[in-house]
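Colleague: Predicted coordinates and the sequence they were generated for:
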Amino acid sequence: MSHEGIRFMSKDQEVRETAANRPLPRIAITPEKVRVLLTEGKGLEIDWVDGHRSAWSFAWLREACPCATCVDQRAGENRKAGQPKPKPAAVLPMFTAPARPKSAHAVGRYALQFNWQDGHSGGIYSWDYLRRSCQCTECTFENAEASGTPN
């Protein structure tokens, strides 16, 4: 008998996973103001209706692309969303241009999509995904407490 696909979890792990998948209140995933700072090359800022404010760098957003290809690649490399790829050891480090989108546009009323300068454009960043991956000190602390590990 095969046990493939069966995961064994402690009660504590089960509680954390259930909390991470719990739906967020609508007010928490409704943006009040969205700023894509293309000209400045900084990143994305969102003021949420519930008063929270989130900000992400373009580098983080590119490494956290939610498309299936990028998610599978990160899983294969054992990386978290936003964590950069390891750089190959080289005698002379090669310059890589910072991640930057050519453009960004709304996808319906639920997400943003970036057209990155490297030609990638498959990721749709939903408001829910962005709020759950907020990089502010308060949210990263809460995520570390919930998972039991520092981010």
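Modeller: Nice, I can see it.
Colleague: drop to CA atoms for contacts and neighbour counts, all remaining ones
Modeller: Noted.
Colleague: Go ahead and flag the most central residue of this structure.
Modeller: residue 64 (4.2 Å; Cα atoms, centre = their mean).
Colleague: Can you show me the strands along this protein?
Modeller: 31-36, 43-48, 53-57, 101-107, 111-116, 124-126 (DSSP state E).
Colleague: and of the ones you listed, who's closest to residue 135?
Modeller: Minimum separation from residue 135 across these (Cα to Cα) falls at strand 53-57, 6.5 Å.
Colleague: which residues of this structure score low on pLDDT?
Modeller: Under the criterion pLDDT under 70, the flagged ranges of the chain are 1-20, 141-151.
Colleague: ok, which stretches of it are helices?
Modeller: Counting by DSSP state H, one finds helices in the chain at the ranges 11-21, 58-63, 68-76, 127-132, 137-147.
Colleague: Pull out the buried residues from the second one.
Modeller: Going back to what we said before, that points to helix 58-63. 58, 59, 60, 61, 62, 63 (16 or more other Cα atoms under 10 Å).
Colleague: Name the nearest of the residues you listed relative to residue 26.
Modeller: Nearest to residue 26 among the buried residues of helix 58-63 is residue 61, at 22.7 Å by Cα to Cα.
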